[in-house]
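In: Fold the following, please.
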Amino acid sequence: MKKSLRSDVLGFVKKKLKVSGDTPWAKYPEFVVLRHQDNRKWFGLIMAVPKYKLGLSGEDLVDVLNVKTDPVVIGSFITQKGIMPAYHMNKVAWVSVLLDGSVSISDVEFLIKVSYELTKSKKRVK
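Out: Residues are numbered from 1 along each chain as shown. Here you go, the predicted model:
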């Protein structure tokens, strides 16, 4: 696996969003769930996935980040290199982002912030 942006992503969410990922599956210790502290909703999932499962050539592993996005604009995201319909998630609202450098860290951070906003607790109007 080539250099991954995994540590950059984890550093970003820790510093900017005050979130530390958790690893809920003993069978997959490299899978990291990013979730809100208050409502526990996921806004991201980092996984090491065989390339062929993503429709890419090769059997080696690649780190991907699944993030939620607005279904209205999802089509524009998946036309970009390194962004595809979500692996193992709802493909209407989630995308998978390759963390192999094909998507810039600034674009990855933007997608994380979008996902974070879409999954945060809704303010109740009294």
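In: Assign a three-state SS to the nearest residue to residue 31 once chain neighbours are set aside, would you?
Out: Nearest non-adjacent residue to residue 31, counting by Cβ to Cβ, 6 or more residues apart in numbering: residue 47, 5.0 Å away. Any C-beta I mention is one placed from the backbone N, CA and C, and that applies to glycine too. Following DSSP: H, G, I helix; E, B strand; the rest coil, we place residue 47 in the strand state.
In: Who is residue 47 paired with across the strands?
Out: Following DSSP bridges, residue 47 is listed with bridge partners residue 64.
In: quick one: contacts for it?
Out: 28, 30-31, 63-64, 66, 87-88 (Cβ atoms under 8 Å, 6 or more residues apart in numbering).
In: Against residue 32, how distant is it?
Out: 8 Å (Cβ to Cβ, to the nearest Å).
In: who touches residue 62 in this structure?
Out: Counting by Cβ under 8 Å, 6+ apart, the residues that residue 62 touches are 1, 4, 48-51, 54, 56, 98-100.
In: Give me the neighbour count for residue 74.
Out: 19 (other Cβ atoms under 10 Å).
In: and it, what are its phi and psi?
Out: phi -60, psi -40 (degrees, to the nearest 10).
In: mind saving the C-alpha coords of stretch 103-119 as CSV?
Out: Only the C-alpha atoms of stretch 103-119 are listed here, as CSV (Å, rounded to 0.1, in the frame of the first residue of the first chain):
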residue,chain,number,x,y,z
VAL,A,103,-7.6,13.4,-3.7
SER,A,104,-5.9,16.3,-2.1
ILE,A,105,-5.9,16.6,1.7
SER,A,106,-7.7,19.9,1.4
ASP,A,107,-10.5,18.2,-0.6
VAL,A,108,-10.6,15.3,1.9
GLU,A,109,-10.9,17.8,4.8
PHE,A,110,-13.7,19.6,3.0
LEU,A,111,-15.7,16.4,2.5
ILE,A,112,-15.1,15.5,6.2
LYS,A,113,-16.6,18.9,7.2
VAL,A,114,-19.6,18.4,4.9
SER,A,115,-20.2,14.9,6.4
TYR,A,116,-19.8,16.2,9.9
GLU,A,117,-22.4,19.0,9.3
LEU,A,118,-24.8,16.6,7.7
THR,A,119,-24.7,14.1,10.6
